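Undergrad: Sequence first, then the predicted structure, then my questions.
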Amino acid sequence: MIRPLRSLVSDSSDCTYYHAAYAATAKLSLGSVQLDKFVSGNTYADMSTTLNEIGRCLSVVQSAEESYKQSNEFTEQALNSLLKSIDMFRHSCARYYDFTERKLKKKQGSNTSTPNSTPSGRSSLSRTDDKDWSSCISSIVSVLQRTSEVLPSAMRIMKKKPWRGKQKQTASLNEVMSAFVETMVLISRMRFDIDEEDTYDHVYEDLSTAEDMCVFNGFSNGYRWISNAYYKVGVAMYNIEMYAQAVYPMRKACALLEKDDTRATTDTVKLQLCKRYEVLGTCCQKDKRFEDAMKAFKLSLKRLPSSSIENLVKEANSLAIYTLMEKQPIIPKLIERYLRATFTDESDLEISFASEIMDLHQLDSAQKCVVYECELRAMYMLSASFDCSKHQSAIINTLLRHYTAETYPIRRARFVYT
């Protein structure tokens, strides 16, 4: 089938969308098979010819869109097959890239374990080793970029007046948008090299393109995937102490996850947001941007899911306060980080208590006191460097109102006699 199609594809004047789509489908399928064969057999071979031909076929598909008039049984089937082959090719590229990354990390691990060897650089994503396996990465990225241009073209065709004949099972617009976003995320991942600052702008441009398409098509599900991509970039920078550079991707990771309307109210996403704002706050704090750090930690406290707070305080009447803090250290540590960002020599802002920011309306009196004591303990640690006496006294007075002599005599005595 490929040989007669090649002659049609080479002459754009005679090439219809049907022929161009099927030629691209055939080449994409061949590329998927070759990539999967490399991974399964752990054997590399040059596939530059295949990748070049895929690129040419996809270019013809884009050109043929202009001559596309109206859908019929054949063009609809060709479009559906093309979308499936693009999806298969993207999955094969992801598997191939994951495989090359594992090989590289394994090789770097064996090098670092060898006596008298020179320690590896800061990046685990560098592609300077295993040149055979990584040599085609740039070509794969180019082909994926072509597919990301064809997918919007396919959506435009799907929005045109449909064929009135027998309806075939075709992909929905949301499925095509999912494929587009995942493709752009994969491209950004394959381009990113933490040792090469020039790649950062390319990554942000790819993810921004995906975000713009989500906004244009009202596809809120895609924000979560783009957010995860930004988060991974930010964490990679955070792990090697590139705090200033990590602020932008971490901020984008938080903002995009907030836009995922269907999931933003679930405890799972709230906990993810809480963690991401905490990392963002830490990056700002390390970069001496204390006001931004305080705002990020405040948002982290606001996004704490009720289930996490309940896990901390549920045994308030049976265990000592410090035991509760040791069993559930996440919230006490977050409160401490917020207060460290708030109490600074450079900050002249009015200080809000962490317990005022958190959603405690579902807690009873004893359970709220656990949170108050977490905050008081953090202030004791800060009091060596800052004057926290006014705020400590306010919390102690609140605790004494709850810790009456009849209900909590031992806890009350702790503060009365201190």
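TA: Arrived safely, thanks for sending.
Undergrad: Going by C-alpha atoms from here, please, whenever you check contacts or count neighbours.
TA: Will do.
Undergrad: And stretch 203-221, what's buried?
TA: For stretch 203-221, a neighbour-count test (16 or more other C-alpha atoms under 10 Å) marks V203, Y204, D206, L207, A210, E211, M213, C214, F219, S220, N221 as buried.
Undergrad: quick one: contacts of it?
TA: Identification of contacts with stretch 203-221 by C-alpha atoms under 8 Å, 6 or more residues apart in numbering yields 174, 177, 180-181, 184-185, 187-189, 191-192, 222-223, 226, 229-230, 259-262.
Undergrad: run the last query once more with 6 Å
TA: For stretch 203-221, contacts defined as C-alpha atoms under 6 Å, 6 or more residues apart in numbering pick out V181, M184, S188, D260.
Undergrad: Alpha carbons only: can I get it in CSV?
TA: Listed next in CSV are the C-alpha coordinates belonging to stretch 203-221 (Å, rounded to 0.1, in the frame of the first residue of the first chain):
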residue,chain,number,x,y,z
VAL,A,203,9.8,23.9,27.8
TYR,A,204,7.8,26.9,29.0
GLU,A,205,6.8,27.7,25.4
ASP,A,206,5.5,24.1,24.8
LEU,A,207,3.5,24.1,28.1
SER,A,208,2.2,27.6,27.4
THR,A,209,0.9,26.4,23.9
ALA,A,210,-0.9,23.5,25.6
GLU,A,211,-2.4,25.9,28.1
ASP,A,212,-3.6,28.3,25.4
MET,A,213,-5.3,25.4,23.6
CYS,A,214,-7.1,24.4,26.8
VAL,A,215,-8.3,27.9,27.3
PHE,A,216,-9.4,28.3,23.6
ASN,A,217,-11.4,25.0,23.7
GLY,A,218,-12.6,25.1,27.3
PHE,A,219,-10.8,21.9,28.1
SER,A,220,-10.3,22.2,31.9
ASN,A,221,-9.1,18.6,32.3
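Undergrad: How about S227, nearest residue that isn't a chain neighbour?
TA: Nearest residue to S227, sequence neighbours excluded (C-alpha to C-alpha, 6 or more residues apart in numbering): A253, at 4.2 Å.
Undergrad: contacting residues for the one you found?
TA: Taking C-alpha under 6 Å, 6+ apart, one finds S227, Y230, Y231 in contact with A253.
Undergrad: mind redoing it with 10 Å?
TA: A253 makes contact with 223-234, 247, 273, 276-277, 280, according to C-alpha atoms under 10 Å, 6 or more residues apart in numbering.
Undergrad: Mind giving me the ChimeraX command for buried ones among those?
TA: A single ChimeraX command selects the buried members of these (16+ other C-alpha under 10 Å):
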select :223,224,225,226,227,228,229,230,231,233,234,247,273,276,277,280
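Undergrad: and P249, how many neighbours does it have?
TA: 23 (other C-alpha atoms under 10 Å).
Undergrad: and it, what helix or strand is that in?
TA: Here P249 sits within helix 243-258, counting by DSSP states H and E.
Undergrad: before we move on, back to that, among the contacts of stretch 203-221, list the two that are farthest apart in space.
TA: For these, the maximum inter-member distance is 20.5 Å, found between S188 and D260 (C-alpha to C-alpha).
Undergrad: any weak-confidence spans in the stretch 1-150 of the chain?
TA: The stretch 1-150 of the chain contains residues with pLDDT under 70 at 1-15, 66-73, 109-131.
Undergrad: what secondary structure does the closest residue in space to D260 that isn't next to it in sequence sit in?
TA: Spatially, and ignoring its direct neighbours in sequence, D260 is nearest to S220 (5.5 Å; C-alpha to C-alpha, 6+ apart). Here S220 is recorded as coil under DSSP: H, G, I helix; E, B strand; the rest coil.
Undergrad: Which pLDDT value goes with S220?
TA: Here the pLDDT value assigned to S220 is 91.
Undergrad: Surely R189 is in contact with I137?
TA: No: the pair R189 and I137 fails to qualify as a contact (C-alpha atoms under 10 Å) at a distance of 11.2 Å.
Undergrad: Give me the common contacts of these two.
TA: Common contact partners of R189 and I137 (C-alpha under 10 Å, 6+ apart): Y97.
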